[in-house]
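K.L.:
Below are the sequence and a predicted model; questions follow.
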There are 2 protein chains.
Amino acid sequence: MSASALPYRPHNHEACVNQALADAREICQRQNARLTPTRERVLELIWQSHKPLGAYDVLAQLTEDGHNAAPPTVYRALDFLQQHGLVHRIASLNAFIGCTHAGEHHTGMFLICRACGNVLEMTAPAVSESVRQAAGAENFKVSDVTLEIAGLCPSCQLEHVDE
Amino acid sequence: MSASALPYRPHNHEACVNQALADAREICQRQNARLTPTRERVLELIWQSHKPLGAYDVLAQLTEDGHNAAPPTVYRALDFLQQHGLVHRIASLNAFIGCTHAGEHHTGMFLICRACGNVLEMTAPAVSESVRQAAGAENFKVSDVTLEIAGLCPSCQLEHVDE
DNA sequence: CCCGCAACTGTTATAATGTTGCAAAACTTG
DNA sequence: CAAGTTTTGCAACATTATAACAGTTGCGGG
Ligand SMILES: [Zn+2]
Ligand SMILES: [Zn+2]
Ligand SMILES: [Zn+2]
Ligand SMILES: [Zn+2]
């Protein structure tokens, strides 16, 4: 599966999308899950960039497609995709982004650029470990970790010399 | 400032509230900020337990008080309280909770029990450090970290042997 | 004391995000 | 094909958050 192309660097993004869709098809097949046209289309829309997309943005684009969609259409597709580890929800933005580690067992950590809006999902075992440790110190049993980091990506730091 | 009483253990919670209010008054004074009656009341409501409270829950209670309040009243008070580090917003719950480290420079990390709803805010320098490190490895300039951990608190693990 | 500015509040309306419930349609399996 | 399951369409509704503007209050300088 894809060696991470950095979202905020120019790259052949069509390759990102194709890879993601191919991975998705394979994963769903393996899990006996039905990647229906609507679901696949929603995944494709989510992957149209490395910026998280709101549910209603997805809805608007489905409508442009001529698809007669209502909010539940989108939320159901997104639920499905989340369930199968194909997209993540970014709680601090109420938005969704394609998972760049689909299929792999991982805990997402997201670097969210406030200037360009791009998000990089990274896996950081050291972070996961220290989180687990800290929670363990309180005898807390972890089931889900939300780790979202807002700031400036390398590209945008050049322009925003202030702050 | 308060040595953390664990939220999910029985404790004299009135002391938590009083401490929080006293701290708030002092902090606002130092910062030349006006802790008006509405703001103080909202803070008190937020502190009524260690479970995060939604903005509209606060609103409902203000209304019970006889206060003729609308959503902006609450959101403005909450904005103020956040600005001055007196409450935190829990993004994964769309809810607010009193800060247990008001005044101290800290990065919050929240242990959210899915069973009892209580939230423990903890400071874990090791975690902050590893997050900073991981972000630094990508040349990302961190400005805000959202770290929310859902799971089971020690008390609730006893009952929920399953899962 | 009172004017004038700034901060705070009240009020109405509206935007943005997410859910429920039920019936019709599509697919799966025997 | 028939029965059962999953998925979709659709209408209504619930929850969370913001915009815009007018009124009020607190406070320092004439
Ligand atoms: Zn790409
Ligand atoms: Zn950027
Ligand atoms: Zn307490
Ligand atoms: Zn608990």
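P.N.:
Sure thing, it's come through. Ligands and ions are numbered 1, 2, ... in the order given.
K.L.:
Okay, buried residues for the lengthiest helix in chain A please.
P.N.:
For chain A, the helix that runs over the most residues, judged by DSSP state H, is helix A:13-30. Residues of helix A:13-30 classed as buried by neighbour count (16 or more other C-beta atoms under 10 Å in any protein chain shown): A:Cys16, A:Val17, A:Gln19, A:Ala20, A:Leu21, A:Asp23, A:Ala24, A:Ile27, A:Cys28. For every residue, glycine as well, the C-beta is placed using N, CA and C.
K.L.:
Quick one: list the elements packing against it.
P.N.:
helix A:37-46 (3 or more C-beta pairs under 8 Å, 6 or more residues apart in numbering or on different chains; DSSP states H and E).
K.L.:
So is stretch A:106-115 next to chain B?
P.N.:
Yes. Residues of stretch A:106-115 contacting chain B under C-beta under 8 Å from any C-beta of the partner chain: A:Met109, A:Leu111, A:Cys113, A:Arg114.
K.L.:
Among those, the buried ones, what's the ChimeraX command?
P.N.:
Of those, the buried ones go into a single ChimeraX selection, burial set by 16+ other C-beta under 10 Å:
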select /A:109,111,113
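K.L.:
got the angle between the longest helix of chain A and helix A:37-46?
P.N.:
With axes from the mean of the first three to the mean of the last three C-alpha atoms, to 10 degrees defining the directions, helix A:13-30 sits at 150 degrees from helix A:37-46.
K.L.:
Identify the residues contacting stretch A:26-35?
P.N.:
Outside stretch A:26-35, the residues that touch it by C-beta atoms under 8 Å, 6 or more residues apart in numbering or on different chains are A:Ala24, A:Arg25, A:Leu43, A:Phe80, A:His84, A:Gly85, A:Leu86, A:Ala102, A:Gly103.
K.L.:
how near is the fifth one to DNA strand C?
P.N.:
Spelled out, it's A:His84. Using C-beta to the nearest atom of the strand, to the nearest Å, one obtains 16 Å as the distance from A:His84 to DNA strand C.
K.L.:
For that residue, which non-adjacent residue is spatially closest?
P.N.:
Take A:His84 and drop its neighbours on the chain: the residue closest to it by C-beta to C-beta, 6 or more residues apart in numbering or on different chains is A:Ala33, 5.7 Å away.
K.L.:
before we move on, the earlier item: wait, which of the buried residues of helix A:13-30 is closest to DNA strand D?
P.N.:
Distance to DNA strand D, by C-beta to the nearest atom of the strand, is smallest for A:Cys28 among those, at 9.3 Å.
K.L.:
For chain A, name the helix or strand with the lowest mean pLDDT.
P.N.:
One helix or strand of chain A scores below all others by mean pLDDT, DSSP states H and E: helix A:154-159, with a mean of 90.
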